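>>> One predicted model, sequence on top.
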Amino acid sequence: MRNLSPEGDSAAQDAQPVLTLDKITKTFPGVKALDGVDLHLFAGQVTALIGENGAGKSTVVKTLTGIYQPNGGQILLHGKPVRFVTPQDAADAGVTAIHQETVLFDELSVAENVFIGHAPKGRFGLIDTAAMHSRTADILGTIGAKISPSVKLKDLGIASRHLVAIARALSVEAQVVIMDEPTAALSQTEIEELYELVDTLKAKGKAILFISHKFDEIFRIADRFTVFRDGQLVGAGQMADVTEADLVKMMVGRAVDQLFPKRHAEIGDKVLTVAGYSHPTEFEDINFTLRRGEILGFYGLVGAGRSEFMQSLIGITKPSKGAVRIGDDVRVIRSPADAIKAGIVYVPEDRGKQGAILDMPIFQNVTLPSLHKTSKDGFIRLAEEFALAREYTQRLDLRAASLDTNVGALSGGNQQKVVIAKWLATKPRVIILDEPTKGIDIGSKAAVHDFMSELAAQGLSVIMVSSEIPEIMGMSDRVIVMRDGRMVAELEGDALSPETLVRHAVGINEQGDAA
Amino acid sequence: MTFLKSRETILAAAIVVLIALIATRFPGFIAPANLVMVFTDTSPLMILAMGQMVVILTRCIDLSVAANLALTGMVCAMINVAMPGLPIAVIVAISILMGAALGAINGVLVWKLNIPPIVVTLGTMTIFRGVIFLLTDGKWINAHEMSAAFTGVPRTSLLGMPVLGWVSVLVAVVMVIVMARTTLGRAIYAVGGNPHAAVYTGIDVGKTQFLAFTISGMLAGLTGYLWIARYSVAYVDIAGGFELDVVAACVIGGISIAGGAGTVIGTLLGALFLGVIKNALPVVDISPFWQLAISGAAIIIAVAFNAQSGRTKGRIILKSAEHAQ
């Protein structure tokens, strides 16, 4: 631990930071979200802000962009104290953020999105559409994005939307660019393009605050780091002076030995067979078998059709052809209820939207898909229902004052436990986890991986859809790679390597030519 | 603490305070017989509000309840005129089935054609009223044309309260059980609370909304007979605009317009609050125009309450704060 304390950040005294947070404190009723934190951003440098979920990173972003007012401390711009009372103040001072969930408008054109709030005005104060389009085209050109300024945002893919968000950030002559998990929704090639873009911004002398959970990208892109834990500053310094293990130790306050604690599980009989599964527009000819105790990874770029296939497998959308067998029995799955009966459950990627029902008590959330087991003729037997809910919440070590508490009052981690308890209570044979660790911190990630291993060890079959190569490599017994709606490879053992995964996913053959 | 803060407790206290204030100016208002009268007078509103509650819980709205009431009531009256000897039990059964069928039309349109509920029920509301006109050419059916049994049943006193009041009590008991103890009740809350999550747990969202509209229609049909019989008159515009009182009762009772939150007891109290205001103001000599203003103010205050309690409290970041809530 050299040079890791805030005082030891010697370079902070050498060069004048563009922007400094000096002992910033932000409290909410009953909660201290930031407790006297310091942060320095330098021109032409990328500072990575690292911390577990709830460490206070988002609060810093909101303080920097004028959404929150700090209760203590000050913000210095080129050494002079400034106050950002409104988001407009921050924008005027040249601080701009590209948010975690990009805030853009679907029904507006790219140019309107880029210039909303500061559109160039012509005569009579009306918006000068021509100027707006040509300036948007210029900005998109500088970041190498081939997007027409007049196309509507809703017609763009996720990666292009991010480019629009970046163009928007550049349109306000930013000095400080905040990127809040910009790669979360991007595929590997798109991430590479983003790195190049960050290098361009650095070369232009912008000070960049880069928030990410992914260590590989922090080490690839950042010059400096700052680590928060529970609203406090625990370390800052040069990336060159630290190792991955140092950072992890600072973040979690304890050493995480192994990220992927895959335990050996006995692989048994075949549980699920999928043959020739096809959909008119989304995927074609998916074939695989899944055995007891196996973890089957599904890798591919965003938009390769993995989630679409899973949603069809559990009856949300109808396949055009194909068959599903559980053991040796053919099952027709036309609705999620059919899938649950067949023992296949799906934990969706967007747990906030598709997971828990926040206005409902914990026990009712847990028993929702298995309510028929604790009821007769449509009448619920409360005692049995409570017993079922208690069994599975205890198994997941859910901490709550009472099972009568509404799920909305729980923390994010506990809400996630409620969702998983809900699916385990149906006693499934196959559990499909879609991006199980997306957007969660490293400590919780290890817990999810550990739990996944345990499920497999208990004889459950797991399908894991993931876009993170380390996770796929670390957890899967076997991996299916999808590209453009088709299965392009099935890899296991020695054939499974990060290079082969990426090659199949992007469609490059052994010689490196595009297939 | 949560009990004292709950919507139901606040609303019950408000009703008690309201009645106490009225009693200071007009002591006769709190005579048991008068309170029973107020309760009975509010019964149609309570029954309709319980149906509306189910619909609102599933993130829909039913604007056709009053028109359904008028059409079903008119058909019951016409049957009575044509066949005066038909037992009232049969008429009640017809009113429930016909109301359910009209509600099911709303439900099917929402479920199978994915038309927004406000548009569907605005349309059926107008159609139902139009059908009454086609059936009657705009003519009224008056008291002297109806049989004594037909008009007598809702007014028959049983243990000191008219049958109309007891019907609302019975419906309330059934609805409390349905909402709290059946898989259908649970599905209704789930669909309104988070429709996406409900789909993944195997609940058919459209079908649940269909059933909600059917329940609402069923109760509107039943109220149709009770209303026509009680007032002994049936005409095209009967109970015109009453759907807004029904929605108001739900909102005052704490049913979230965004769906998924609210209780039967809250709905009943919301309806009673409006009922007390409606019955008390003429007694204490306040103009009926004030009555509308007060009802309107009550709705806005209730919604402000909902918005306040629904405001997110910020994220829980400190571990120590998690259980301190």
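Thanks, I have it.

>>> Identify the bridge partners of the closest residue to residue A:18 other than its chain neighbours.
Leaving out its chain neighbours, the residue that sits closest to residue A:18 by Cβ to Cβ, 6 or more residues apart in numbering or on different chains is residue A:207, at 4.2 Å. For the C-beta atoms, the positions are set from N, CA and C on the backbone; glycine is no exception. Counting by DSSP bridges, residue A:207 forms beta bridges with residue A:176.

>>> List the contacts of residue A:207.
Residues in contact with residue A:207 (Cβ atoms under 8 Å, 6 or more residues apart in numbering or on different chains) are A:17, A:18, A:19, A:41, A:42, A:43, A:44, A:45, A:47, A:175, A:176, A:177.

>>> confidence score at the residue nearest the centre of chain B?
Centroid-nearest residue in chain B, with Cα atoms, centre = their mean: residue B:49, separated by 1.4 Å. We have a pLDDT of 97 for residue B:49.

>>> The host helix or strand of it: what's the following helix or strand?
With elements taken from DSSP states H and E, the one containing residue B:49 is helix B:32-57. Counting by DSSP H and E, the next helix or strand C-terminal to helix B:32-57 is helix B:65-82.

>>> Only the buried residues of that following helix, if you could.
Applying a neighbour-count criterion of 16 or more other Cβ atoms under 10 Å in any protein chain shown, one finds B:65-77, B:79-80 buried in helix B:65-82.

>>> and that helix, C-alpha only, in PDB?
Only the C-alpha atoms of helix B:65-82 are listed here, as PDB (Å, rounded to 0.1, in the frame of the first residue of the first chain):
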ATOM      1  CA  VAL B  65     -69.800   1.500 -14.700                       C
ATOM      2  CA  ALA B  66     -72.600   4.100 -14.400                       C
ATOM      3  CA  ALA B  67     -73.800   3.400 -18.000                       C
ATOM      4  CA  ASN B  68     -73.600  -0.400 -17.300                       C
ATOM      5  CA  LEU B  69     -75.700   0.300 -14.100                       C
ATOM      6  CA  ALA B  70     -78.300   2.300 -16.100                       C
ATOM      7  CA  LEU B  71     -78.600  -0.300 -19.000                       C
ATOM      8  CA  THR B  72     -78.800  -3.300 -16.700                       C
ATOM      9  CA  GLY B  73     -81.200  -1.500 -14.400                       C
ATOM     10  CA  MET B  74     -83.400  -0.600 -17.400                       C
ATOM     11  CA  VAL B  75     -83.400  -4.200 -18.700                       C
ATOM     12  CA  CYS B  76     -84.400  -5.400 -15.200                       C
ATOM     13  CA  ALA B  77     -87.200  -2.900 -15.000                       C
ATOM     14  CA  MET B  78     -88.400  -3.900 -18.500                       C
ATOM     15  CA  ILE B  79     -88.400  -7.600 -17.600                       C
ATOM     16  CA  ASN B  80     -90.400  -6.700 -14.400                       C
ATOM     17  CA  VAL B  81     -92.900  -4.700 -16.500                       C
ATOM     18  CA  ALA B  82     -93.300  -7.600 -19.000                       C
END
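
>>> tilt between that helix and helix B:32-57?
Taking axes from the mean of the first three to the mean of the last three Cα atoms, to 10 degrees, one finds helix B:65-82 and helix B:32-57 inclined to each other by 120 degrees.

>>> Packing partners of helix B:65-82?
helix B:32-57, helix B:88-113, helix B:117-136, helix B:148-152, helix B:205-231, helix B:242-252 (3 or more Cβ pairs under 8 Å, 6 or more residues apart in numbering or on different chains; DSSP states H and E).

>>> Now do the second one: which elements does it pack against?
Put plainly, it is helix B:88-113. Contact here means 3+ Cβ pairs under 8 Å, 6+ apart; on that basis helix B:88-113 packs against helix B:65-82, helix B:117-136, helix B:148-152, helix B:205-231.

>>> need the next SSE after the helix-or-strand element of chain A with minimal mean pLDDT, C-terminal direction.
Within chain A, no helix or strand scores below helix A:11-14, which has a mean of 47 by mean pLDDT, DSSP states H and E. Next helix or strand after helix A:11-14 toward the C-terminus (DSSP H and E): strand A:19-28.

>>> at contact distance from chain B, anything in that following strand?
Yes. Applying Cβ under 8 Å from any Cβ of the partner chain, one finds strand A:19-28 touching chain B at residue A:28.

>>> Would you indicate which residues of that strand are buried?
By neighbour count on 16+ other Cβ under 10 Å, the buried set for strand A:19-28 is A:19, A:20, A:21, A:22, A:24, A:25, A:26, A:28.

>>> Output those in CSV, with distance to residue B:99 and pLDDT appended to each entry.
What follows is those, written out as CSV (distance: Cβ to Cβ, whole Å; pLDDT from 0 to 100):
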residue, distance to residue B:99, pLDDT
A:19, 66, 91
A:20, 69, 92
A:21, 64, 91
A:22, 68, 91
A:24, 62, 91
A:25, 61, 91
A:26, 56, 89
A:28, 50, 74
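
>>> And those, which is closest to residue B:201?
residue A:28 (32.7 Å; Cβ to Cβ).

>>> Could you measure from that closest one over to residue A:392?
Remark: distance between residue A:28 and residue A:392 (Cβ to Cβ, to the nearest Å) = 32 Å.

>>> Around chain A, pick out the residues from the stretch 151-300 of chain B.
Contact residues, the stretch 151-300 of chain B versus chain A (Cβ under 8 Å from any Cβ): B:181-184, B:186, B:189-190, B:193-194, B:196-204, B:256, B:260-261.
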